[in-house]
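[1] here is my input, please return the structure:
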Amino acid sequence: MSNAETRPVEIECTTGPETTAENGPILEIITSREVPLGGPRAMPVRRTLPQRQRSLIGAWCFADHYGPDDVTVTGGMDVAPHPHTGLQTVSWLFTGEIEHRDSKGVHATVRPGEVNLMTGGRGICHSEVSTPDTTVLHGLQLWVALPDSARDAPRNFEHHVPAAVSLEGGSARVFLGSLAGSTSPVHTFTPLLGAELVLEPRAEVRLDVDPAFEHGVLVDTGAVGVGTGNGGGLDLARADLGYIGTGAAVLALTNHTDAPARVVLLGGEPFGEDIVMWWNFVGRSHEEIEEFREEWQAESDRFGAVEGYTGDVQRLPAPPLPNARIRPRKNPPSAH
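    Got it, this is the predicted structure:
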């Protein structure tokens, strides 16, 4: 998915100092902001990462949550070919379908409960269009920053259909990493976790997690409490992202409603590298971002071309760069 903002902010995400969780993991609520995305009537999405409050959770650097949207009202999704560098995109749907085409030559359909991961690496471009049969579109688009050792990786695309795993009080579908005895075969370049969890009405689900990870709990439906067993906790409403810093070995998720609740759990080791994000690019400096933009505008071989897209605009032009240089945005510590 493209960042469709016409004036995207250039963000330098720098790592915080190493800290020790003396008083238990840091807990905080990250609220979403609404931005328009593609389609003739600009389908709105709720963005929780990046924010001034926190730019990354592990290597997760971008999270858009959208729907459920009636495509007859919003126009659905129609994102013309656009570029990416230095990242992987992770598509996860709850309802609807999206047609994906990319410059590696992949033509695939994104469906509910099936993860699609695209590696941009040195450069890729792709298009995303909701299918004609889609009436309601609802899902997540996530980005993962690639470490310096892998940010020039070749273009790639992986697809996986995770089986549902029964939990006491709910179920899980693990699309990246490992949780509750389920492991995804999809390759990532840093240790990561991604899972959809459904909580039964008024149920509590306890999960053993890696204490070296920081975690995020994004609420899709319902009202959910999050605790770590060390005292304190978070009460999350729909579209909130609850952040849990390193040091938690157990997460306790409680559904406060009389209907099933659904959340997406993200996790990863603190990224440990400084990155620069602007529009659809992840790089390491302002000058590098300028170079990526110039090459996209010049239709260079770095990004290739998408075949078969039939929209009115054959490729998204890059917005103008901001007049000012980067304003550093340090990611806060992950532990007290």
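[2] all helices for the stretch 201-336 of the chain, in order.
    286-297 (DSSP state H, counting those that start in this stretch).
[3] any low-confidence regions in it?
    230-231, 326-330 (pLDDT under 70).
[4] can you pull out the strands in it?
    Using DSSP state E, counting those that start in this stretch, the strands found in the stretch 201-336 of the chain span residues 204-208, 214-221, 224-227, 234-236, 241-244, 250-255, 261-268, 275-278, 281-283, 327-330.
[5] tell me which of those strands sits nearest to Val313.
    Nearest of the strands of the stretch 201-336 of the chain to Val313, taken as Cβ to Cβ: strand 281-283 at 19.3 Å. Backbone N, C-alpha and C define where each C-beta goes, glycine included.
[6] test my guess that Cys67 contacts Phe94.
    Wrong residue type there; residue 67 is Gly, not Cys. Yes: the criterion here is Cβ atoms under 8 Å, and Gly67 meets it with Phe94 at 7.2 Å.
[7] and the residue lying closest to Thr48 once chain neighbours are set aside, how far from Asp312?
    In space, and not counting its chain neighbours, Thr48 is closest to Leu241: 4.0 Å by Cβ to Cβ, 6 or more residues apart in numbering. Distance of Leu241 to Asp312, given as Cβ to Cβ, to the nearest Å: 34 Å.
[8] what's the answer for Ser334, then?
    44 Å.
[9] secondary structure class of the spatially most central residue of the chain, three-state.
    In the chain, the residue lying closest to the centroid (Cα atoms, centre = their mean) is Leu142, at 1.8 Å. For Leu142, the assignment made with DSSP: H, G, I helix; E, B strand; the rest coil gives strand.
[10] excluding chain neighbours, what is closest to it?
    Per Cβ to Cβ, 6+ apart, closest to Leu142 is Val90, 4.2 Å.
[11] Thr254 and Ala203 touch, don't they?
    Yes: contact criterion Cβ under 8 Å: Thr254 and Ala203 qualify, at 7.5 Å.
[12] with neighbour numbers in mind, choose between the two.
    Thr254 (19 against 16; other Cβ atoms under 10 Å).
[13] that one and Glu204: what is the separation?
    5 Å.
[14] equivalent analysis for Arg325, please.
    Distance from Arg325 to Glu204, by Cβ to Cβ: 48 Å.
[15] more crowded one of those two?
    Legend: neighbour count by other Cβ under 10 Å for Arg325 and Glu204, higher for Glu204 (15 against 12).
[16] touching, that one and His256? I think so.
    No: Glu204 is beyond contact range of His256, at 10.2 Å (criterion: Cβ under 8 Å).
[17] mind listing the shared neighbours of these two?
    Counting by Cβ atoms under 8 Å, 6 or more residues apart in numbering, Glu204 and His256 have no shared contacts at all.
[18] for Gly24, give me the pLDDT.
    pLDDT for Gly24: 81.
[19] could you report the neighbour count for it?
    17.
[20] Val250 versus that one, what's the distance?
    In terms of Cβ to Cβ, Gly24 sits 12 Å off from Val250.
[21] same check, this time on Gly120
    When distance is defined by Cβ to Cβ, Gly120 is 35 Å away from Val250.
[22] same question, Ser285
    40 Å.
[23] in the stretch 1-150 of the chain, where is pLDDT below threshold?
    1-7, 14-22, 37-42.
[24] could I get the full set of helices for it?
    71-74.
[25] end to end, how far does stretch 293-310 reach?
    24 Å (Cα to Cα, to the nearest Å).
[26] I'd like the distance from it to the chain centre, please.
    Centre-to-centre, stretch 293-310 and its host chain are 23 Å apart (Cα atoms, centre = their mean, to the nearest Å).
[27] what residues of that stretch count as buried?
    Judged by neighbour count (16 or more other Cβ atoms under 10 Å), stretch 293-310 contains these buried residues: 293, 295-296, 302-304, 306, 309.
[28] list the contacts for the closest residue to Phe62 other than its chain neighbours?
    Excluding its sequence neighbours, the residue lying closest to Phe62 (Cβ to Cβ, 6+ apart) is Trp143, at 3.5 Å. Contact partners of Trp143, counting by Cβ under 8 Å, 6+ apart, are 60-63, 87-90, 282.
[29] circling back to that earlier point, who touches both of Gly24 and Val250?
    Common neighbours of Gly24 and Val250, counting by Cβ under 8 Å, 6+ apart, are Thr228.
[30] and the residue nearest to Phe62, how close does it get to Gly86?
    On the measure of Cβ to Cβ, Trp143 and Gly86 end up 10 Å apart.
[31] overlap of the contact sets of these two?
    Val282.
[32] name the residues that touch stretch 127-136?
    1-2, 38, 67-72, 76-82, 91, 95-102, 109-110, 137, 306, 309, 311.
[33] buried ones among these?
    1-2, 38, 67, 69, 71, 76-82, 91, 96-102, 110, 137, 306, 309.
[34] identify the residues contacting Trp296.
    Trp296 neighbours (Cβ under 8 Å, 6+ apart): 83, 125, 302-303, 318.
[35] and the furthest pair within those residues?
    Taking Cβ to Cβ, no two of those sit farther apart than Arg302 and Ala318, at 13.0 Å.
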